[in-house]
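J.: Here you go, sequence then predicted model.
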Amino acid sequence: MSFCALLEYPLLASQLIFEEIDPAQLFELSRLSRRMELKIKNSGVRCKKHSVSFTGNPSVCLNFKNDKKLEIIFNRPFPKTAIIRIGHFKNFGFTYARVSENVIYVCPSDVSTFRGVYLFYDYIAGMFSTKLIEQLNVDVDKIKNLIGLLAIPEFSHCEVLQLIGEKMENEDAKYIQDHCEVKDTLVLNGNVGEREQHWKMYEIKNLVVKSNIWINSNDLILMKCENIYIKYSNITDLNLIEFVSLWKNGQTNQRLKYLEVHFSGESVLHGLKLRTVPQLPEGLRRDVVVDDSDDSDDDDVNPLEMELFRLGVEMALQKNDEKIENEEQKTVWKSLERRRMKFDKHGNCYSRGEQTFSSIIDDSDVINLDSYYRDIEKYDGTIASISIHKRIFKMIVWHEFELPPQ
């Protein structure tokens, strides 16, 4: 099919065709002519979500239907085998090359890199009708005019804001607090200024802190976030014990759902040899001696084998819990008074329902509770499952609306 013929197709037909083309190919197609660019834009091909990075690795990433993706990376050397092309729009010149199925390298030719990132983003966001930015990554050490960047309407609100670096000017921090709307998650990647510059971190729904030396236990106590992840901070094992004690008495964070802290202090429960908890064999079926007069499906499991399986799981969990409790009594964590998990009061797996947060912390959104989790109870009967292993503390709060029906 001649691509030029697409110019004469009705918009609905064009959209159906364009949606089957890989985004990188679609971008290259848009460069054939101004008419083709407008055809793609008017056909209504939509980007589901996108992210923009003004960092040491500047990029724009767009995600489409059917898991299709287009990643545009700036100032990378072109591979020797790549076909390098020249492009321009809005007085912005650049060279580009498609280096893989969904990746394009771009080098601005007559503007700074970050200016080129914005101009390119403005162009491609207009072509694919993108709206709210899913994630905006900003290196505060590299952006010379942070207020100027965040004053651009598209960048003043986003689902996730990641601030990277060490030092941030007070006026920049104040502008973020007063004018930037972060709908979902704040990520502090590095020291990123000082505590007084980040009061918004106490109120945000999800907070991720990576490698930050000024975050301490007082910050943790003041936070009202639902999901918190803190790695490489000054929070110690004793700080976490204090936090849990306050939580049990209703004196801190009533909204908390999930907390993970990589703490400083003694490594605990390290090197324990726990029993393997049996897994239900695939293909377990009802045997022929069981009455099947109710005409139910043959997918019913064998009751005897299921009971043996249940007893095996129960025995393994009990032995593991006894071993963990004995070791815990030798540590400072014994004051938490954790008890064996009560699966009759909550499930054995937990779903955060926060795909973006889980992706940022590089973890699954569904957590299978292993033997290291044990329960504590709040004054009002709310159950929390806590895992302490090596130097990682995890806490899952089972709010009433998240419990399975009885």
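T.: All right, it came through fine.
J.: residues touching the residue nearest to residue 128 when sequence neighbours are not counted, list them.
T.: In space, and not counting its chain neighbours, residue 128 is closest to residue 47: 4.3 Å by CB to CB, 6 or more residues apart in numbering. For the C-beta atoms, the positions are set from N, CA and C on the backbone; glycine is no exception. By CB atoms under 8 Å, 6 or more residues apart in numbering, the contact list for residue 47 reads 62, 63, 64, 125, 128, 129, 130.
J.: how about 6 Å then?
T.: 62, 64, 128, 130 (CB atoms under 6 Å, 6 or more residues apart in numbering).
J.: in what helix or strand does residue 51 lie?
T.: Here residue 51, judged by DSSP states H and E, is contained in strand 49-54.
J.: Correction: the previous question concerned residue 73.
T.: Assigned by DSSP H and E, residue 73 belongs to strand 69-74.
J.: Give me the next element, helix or strand, following that strand.
T.: According to DSSP H and E, the helix or strand after strand 69-74 is strand 85-89.
J.: Give me the buried stretch members for that following strand, please.
T.: Neighbour counts over strand 85-89 (16 or more other CB atoms under 10 Å) mark 87, 89 as buried.
J.: Next: stretch 20-38.
T.: Across stretch 20-38, burial judged by 16+ other CB under 10 Å covers 21, 23, 24, 26, 27, 28, 29, 30, 36, 37.
J.: average model confidence for it?
T.: Average pLDDT, stretch 20-38: 84.
J.: before we move on, the earlier item: show me what the strand holding residue 51 packs onto, helices and strands only.
T.: Applying 3 or more CB pairs under 6 Å, 6 or more residues apart in numbering; DSSP states H and E, one finds that strand 49-54 makes contact with strand 59-63, strand 133-139.
J.: redo that, cut-off 7 Å
T.: Applying 3 or more CB pairs under 7 Å, 6 or more residues apart in numbering; DSSP states H and E, we find strand 49-54 packed against strand 59-63, helix 113-127, strand 133-139.
J.: Around the closest residue to residue 83 other than its chain neighbours, how many other residues sit close by?
T.: Distances taken as CB to CB, 6+ apart put residue 97 closest to residue 83, at 6.1 Å, once the chain neighbours are dropped. By other CB atoms under 10 Å, 17 other residues sit near residue 97.
J.: For the residue lying closest to residue 262 once chain neighbours are set aside, give me its contacts.
T.: Of all residues not flanking residue 262 in the chain, residue 231 sits nearest, at 4.5 Å (CB to CB, 6+ apart). The neighbourhood of residue 231, defined by CB atoms under 7 Å, 6 or more residues apart in numbering, consists of 209, 210, 211, 262.
J.: and residue 393, that one's in a helix?
T.: No - per DSSP: H, G, I helix; E, B strand; the rest coil, residue 393 lies outside any helix segment and is strand.
J.: how close does it sit to residue 238?
T.: 12 Å (CB to CB, to the nearest Å).
J.: any chance of the helices and strands packed on strand 49-54 in JSON lines, with distance to residue 323 too?
T.: Formatted as JSON lines, those follow (distance: least, CB to CB, whole Å):
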{"stretch": "strand 59-63", "distance to residue 323": "45"}
{"stretch": "helix 113-127", "distance to residue 323": "54"}
{"stretch": "strand 133-139", "distance to residue 323": "42"}
